[in-house]
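Asker: Following is a predicted model, sequence given first.
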Amino acid sequence: MASTHEQTTDQVFVEEKSSARIFTMNRPKQLNALSAAMVSRLLDLFLACAGDSSVKLIILKGKGRAFCAGGDVAAVVHDINQGNWKRGADYFRKEFTMNYVMATYSKPQVSILNGIVMGGGGGASIHGRFRIATENSLFAMPETALGLFPDVGASYFLSRLPGFFGEYTGLTGTRLDGPEMLACGLATHFVRSERLPLLEEALVKADSSVPAVISSIIDEFSEIPGLKRNSAYHRLNIINKCFSRRTVEEIIAALEREADEKKDDFITSTIQSLKKASPTSLKISLRSIREGRLQGIGKCLAREFRMVCHVMRGEISKDFVEGCRAILLDKDKNPKWDPSRLESISDEMVDRYFSKVNEDDWEELQLPVGSNLPPYAVAKL
């Protein structure tokens, strides 16, 4: 019989069951959006468990109908509007460090994605060894609609999806269900939600940190679900044909040529998604994902930290503040992007997002040393 010790904090609930630690994100009314306190708590917990030989397995899940709907960007925008973008930088510094610790973790992390997984929720799970989707899963990286870009190491994991599905997912912010997450590799398993309690019990009982053992246990509860008829993943050929283009303008032109040839709701909605997004976000997101194809997780996060600092400073574009106003705060869903056209954004403007921030007290992202990257962290997608 596994001994159970439970303790609770406001935003992360911790259960100790035998050699497993179960962390439950506990802001259900906010769809478990990652507050600064939550990020700090999760980072501390992961670091403590890494050095605790009695801990063999981490299970991460969310309370309510979301795993985690993303970072608490409304709080970051509040700081920017108060003239304190560096407080936002501190938040992202800690969040990206947490992402790196998860990606390089020596013990298996099982993330149970039974609900909404967006933005920072992807960063808190996709870097882990096992990602369990269910019939309730809903994944998206919606940042281009907010004037941001897919961050939290998304340039690493999106760029490793089949073909150019990562570019499609990252630029359009399209929503994927559980079967689609499994098909493209964002999830490692699909388990019906009613079977999750028994799965959790079996994982605890196994008392193992061996990935093959844990995988075989999850396999016993998992299934291969069919994709819905109109799934975007069925359209991988057209996605590869268009999203392999060198620039955002060429991607849209390729899609429009396809639309001219035949009426296709998928192509039409894809074009609409791209045209609604921040033009600046689209350009920096495409370059970020392309660079991510050739970089490890540490370099991806360090580059994304530079980018997010430039986004928050708002010297090149203030689209992040405007996008959050239109989508999250005023909710008029009518952002006024500036620049408003792709052709108004020069290569030099894009380059600036990838450069060091020219302020005396600004520092690059310093990731923890001594994290020996296990083989599965290098190529787990």
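Answerer: Perfect, I can see it now.
Asker: Closest to the centroid, which residue in this structure?
Answerer: Gly122 (2.9 Å; CA atoms, centre = their mean).
Asker: Quick check: that one is in a helix.
Answerer: Yes - the assignment for Gly122, made by DSSP: H, G, I helix; E, B strand; the rest coil, places it in a helix.
Asker: May I ask you to confirm that it is in contact with Phe157?
Answerer: Yes - if you go by CB atoms under 8 Å, Gly122 and Phe157 touch, sitting 7.4 Å apart. For the C-beta atoms, the positions are set from N, CA and C on the backbone; glycine is no exception.
Asker: Name the helix or strand for Val117, please.
Answerer: Element membership for Val117 (DSSP states H and E) is strand 116-118.
Asker: For Ala69, give its distance to Ala103.
Answerer: From Ala69 over to Ala103 the distance is 21 Å, taken as CB to CB, to the nearest Å.
Asker: Quick check: the gap between Asn81 and Gly120.
Answerer: 20 Å.
Asker: State the pLDDT value of the residue nearest to the centre of the chain.
Answerer: Note on Gly122: pLDDT of 98.
Asker: Now do the same contact list for it.
Answerer: Taking CB atoms under 8 Å, 6 or more residues apart in numbering as the criterion, Gly122 is in contact with 139, 141, 152, 154, 157, 186.
Asker: With Cys49 instead?
Answerer: By CB under 8 Å, 6+ apart, the neighbours of Cys49 are 21, 55, 58, 107.
Asker: So what does the third one look like in phi/psi?
Answerer: Same thing as Ile58. Main-chain torsions, Ile58, degrees, to the nearest 10: phi -110, psi 130.
Asker: cool, and Arg21?
Answerer: Torsion angles, degrees, to the nearest 10, at Arg21: phi -120, psi 130.
Asker: That one contacts Lys56, doesn't it?
Answerer: No - counting by CB under 8 Å, Arg21 does not reach Lys56; the two are 9.0 Å apart.
Asker: in the stretch 101-250 of the chain, which spans are helices?
Answerer: 120-123, 154-157, 165-172, 178-184, 196-206, 211-221, 236-243, 248-261 (DSSP state H, counting those that start in this stretch).
Asker: List the residues that contact Ala145.
Answerer: 173, 276-278, 323, 327.
Asker: Next step: these restricted to helices.
Answerer: The helices, defined by DSSP state H, take in 276, 323 from the contacts of Ala145.
Asker: hmm, back to that, Serialize the contacts of Gly122 to CSV and add fields for pLDDT and neighbour count.
Answerer: Listed next are these as CSV, based on pLDDT from 0 to 100; neighbours: other CB atoms under 10 Å:
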residue, pLDDT, neighbour count
Phe139, 98, 26
Met141, 98, 32
Val152, 98, 31
Ala154, 98, 28
Phe157, 98, 28
Leu186, 98, 26
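Asker: Nearest to Leu255 among the residues you listed?
Answerer: Nearest to Leu255, judged by CB to CB, of these is Met141 at 19.0 Å.
Asker: and the closest one, what does it touch?
Answerer: Going by CB under 8 Å, 6+ apart, Met141 touches 118-119, 122, 150, 154, 158, 169-170, 173.
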